[in-house]
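> from the sequence below, what's the structure:
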Amino acid sequence: MKSQLAVAAMMFVATWGMTGQAEAAPSAGCHDVRLLTGGEGHRGASARCAFDNSTHFRAFIGCKRRDNGHKYTHIGNRVPNGAWSTAWCDRNSDLELWGGYSD
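Here you go, the predicted structure:
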């Protein structure tokens with residue numbers, strides 16, 4: 001069962017996908033975020049989060065393809081609170097938002 005925060009995060013991502021108006025900022029509970037660039041130029045983010053309502057979380061990112069403007073999301077690995085979760089955009093895409101949600 002998804003937590004309320006997970007549902008809120010997914011609604012935020014869905015709204016970003018429709019409007020493109022979201023600001024790139026970590027979600028509540030995520031205090032450390034590292035923006036990453038891979039060896040082939042792809043973008044990503046690692047987040048370290050801690051949520052009161054769960055013992056685990058996942059990072060999420062919103063990406064936009066450079067060739068056709070398609071927006072999509074990727075979800076990071078499930079990790080315990082306080083650990084790092086990482087998600088990557090595909091090559092030739094820009095990272096537009098990031099955060100985390102309790103899992």
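> dump the residue contacts of the most centrally placed residue in the chain.
Nearest to the geometric centre of the chain sits Phe60, at 2.1 Å (Cα atoms, centre = their mean). Phe60 is in contact with 9, 13, 73-76, 87, 98-101, counting by Cβ atoms under 8 Å, 6 or more residues apart in numbering. Heads up, the C-betas are built off the backbone N, CA and C, glycines and all.
> quick one, helices of this protein?
4-19 (DSSP state H).
> helices and strands of it: which one has the lowest mean pLDDT?
Lowest by mean pLDDT, DSSP states H and E among the helices and strands of the chain is helix 4-19, with a mean of 51.
> about what we covered before: can I get the contacts of Phe60 in TSV including neighbour count?
What follows is those, written out as TSV (neighbours: other Cβ atoms under 10 Å):
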residue	neighbour count
Ala9	22
Val13	20
Thr73	17
His74	18
Ile75	17
Gly76	21
Ala87	23
Trp98	25
Gly99	26
Gly100	32
Tyr101	28
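> among the residues you listed, name the ones in strands.
Of these, the ones assigned to strands by DSSP state E are 73-75, 87, 98-101.
> nearest spatial neighbour of Glu96, chain-adjacent residues omitted?
In this structure, Glu96 finds its nearest non-sequential neighbour in Gly62, 4.9 Å apart by Cβ to Cβ, 6 or more residues apart in numbering.
> done for today, thanks.
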